[in-house]
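Asker: Build me a structure from this.
(chains A and B)
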Amino acid sequence: MKHQLFTGALFTALACSFTALPSYAELNHGVAISACATNAQAQAVQAHYLKVKGAPLAVVGRMVNLPEVLVASGVPKKNRHSVQASAKISKEIWSSIDSWGAQTNIRMVYTMGGKHVLDFPSKVPISGPDLDDGWIDIYADNGDGVHGHLWLERIASIHAVDIPGVDGVQTRTISFYGPDGQLVLGLYASITTKTFDKKAVDGFARTQALIASMPQLCN
Amino acid sequence: MQNFSRNKALTYIVGSVFLFGSACTTTKQAVELNELCGSVFDKTLVHDYYFVQDGHATDPMAIPSHDNKIVESKIVSSFSHEIAIGTYATPARFETVWKSVDTWGETTPIKVVVTVDGWHAFSFPSDVPTTRKEDHADGFYDVFANGGAGLRGHINPELVSMIYAVKLRASDDTYQRSLSFYGHGGDLILGLYASEGGKPQNADAIAGFNRSWNVIKAMPRSCKE
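Answerer: Purely as a prediction, here's the structure:
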């Protein structure tokens, strides 16, 4: 019996050594996905939004257990616009965000793969000179606020989402997603139940119109 | 004889399944955590980057991370324990460390650094985000800066793998002091920078950082030196 268990242990050790262990230690470990929700995913997103009207996209992403980009593309068509990102398009959209105004108040949201949430109040971060080095550099409050560096190659799609809230205040975001469908950065012009800066809402409308004028990523 | 063989085969299977279930799971967890630690090669790379090449002495760890396409936990765990002290995170250790952050002072200015996907990087000036007094029944540990008017963070302690305090000396003898929390993939969740090399150093932030350093130092060490 002891011998047989030993043999079992040996078998186990061999089996373990051949088991393909996932590699977590390199960058770009996320798998690229389609940025567009299927009909079934859209139905799930919309059904959950009936329960949490106007919630930031990450909240519903967690409820339906989907990468956030599928929430952005799963809300009703009238509430969303999206474009496939390229370096040129990302820069053009950020130039439009610059027009919201350097002293305009927004919220910048991060979710680290949908696992955590960090929500920072900020002035609008304005893009720095285009160095054509693969990055967009952004600075808020004349350099006294956030310093940000977005790697253009790792932005796959950009979405404008404008959904009804519970108190007449819409939730409005311009959200940037990576190839794995996870949020890179959400710029919230307003969030239902929270106070907001009207200049941000006006700016959001301009950027939303710009994205709407581009070839749409999702039908 | 046939029964004996069948019993023998069954014993092999039961033994294998039982041990596979326990031993293999343990091995997998150990391998995953070890994978987040810097290798000998990574240690050489980090040493050369920070201590041989000019101008990198206090670079945020995100820079050598994306330059070399390895996750940030491998960079931070490649320093000697004199420079970086780390522990594998459990929810209890996470809470203990963040309670030490609470002592830095609610109005103490720091930088909160976020990297997304290991590439996009953001540095926010902020007051220290302190524990919000509420239950964590939803799985999140809530931290608010400036009484809720600043950063609002909701961190899932179950999904934190390592916590590291790092102290890097700049050429002018100032220090960059960071307390960083890493996810299960080794990517940064967020870093609290108590000071930056070559910039004004806040005494309250430094004293607070030193307390957090000592809290981590008292915990079991992650990654071999």
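
Asker: what's the next secondary structure element after the helix or strand of chain A with the lowest mean pLDDT?
Answerer: In chain A, no helix or strand scores lower on mean pLDDT, DSSP states H and E than helix A:2-18, which sits at a mean of 39. Next in sequence after helix A:2-18, counting helices and strands by DSSP states H and E, comes helix A:39-51.

Asker: Against which helices or strands is that next one packed?
Answerer: If you count contacts as 3 or more C-beta pairs under 8 Å, 6 or more residues apart in numbering or on different chains; DSSP states H and E, helix A:39-51 packs onto helix A:57-64, helix A:68-72. (C-beta placed from N, C-alpha, C; glycine too.)

Asker: Walk me through the regions of chain B where pLDDT falls short of the threshold, as ranges.
Answerer: Residues of chain B meeting the criterion pLDDT under 70: B:1-32, B:134-135.

Asker: Would you map the strands across it?
Answerer: Assigned by DSSP state E, chain B shows strands spanning B:84-88, B:109-116, B:120-127, B:130-131, B:141-144, B:152-155, B:160-169, B:175-183, B:188-195.

Asker: Mean neighbour count and distance to residue A:90 for these - can I get that in a markdown table?
Answerer: Formatted as a markdown table, those follow (neighbours: other C-beta atoms under 10 Å in any protein chain shown; distance: least, C-beta to C-beta, whole Å):
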| stretch | mean neighbour count | distance to residue A:90 |
| --- | --- | --- |
| strand B:84-88 | 22 | 35 |
| strand B:109-116 | 22 | 14 |
| strand B:120-127 | 22 | 11 |
| strand B:130-131 | 18 | 35 |
| strand B:141-144 | 21 | 31 |
| strand B:152-155 | 22 | 27 |
| strand B:160-169 | 22 | 31 |
| strand B:175-183 | 24 | 25 |
| strand B:188-195 | 25 | 22 |
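
Asker: Please list all residues in contact with the nearest residue to residue B:91 once chain neighbours are set aside.
Answerer: Excluding its sequence neighbours, the residue lying closest to residue B:91 (C-beta to C-beta, 6 or more residues apart in numbering or on different chains) is residue B:157, at 3.8 Å. Taking C-beta atoms under 8 Å, 6 or more residues apart in numbering or on different chains, we find residue B:157 in contact with B:89, B:90, B:91, B:94, B:95, B:136, B:141.

Asker: I'd like the distance between the residue positioned nearest the centre of chain A and residue A:56.
Answerer: With distances taken as C-alpha atoms, centre = their mean, the residue of chain A nearest its centroid is residue A:183 (2.5 Å). According to C-beta to C-beta, to the nearest Å, residue A:183 and residue A:56 sit 10 Å apart.

Asker: ok so, going back, ranking the helices and strands packed on helix A:39-51 by mean pLDDT, which is last?
Answerer: For the helices and strands packed on helix A:39-51, mean pLDDT drops lowest on helix A:57-64, to a mean of 95.

Asker: Can you name the residues in contact with that helix?
Answerer: Here helix A:57-64 has contacts from A:41, A:44-45, A:48-49, A:51-52, A:67-68, A:70-72, A:109, A:111, A:114, A:117, A:161, A:173, A:175, A:183, A:186, using C-beta under 8 Å, 6+ apart.
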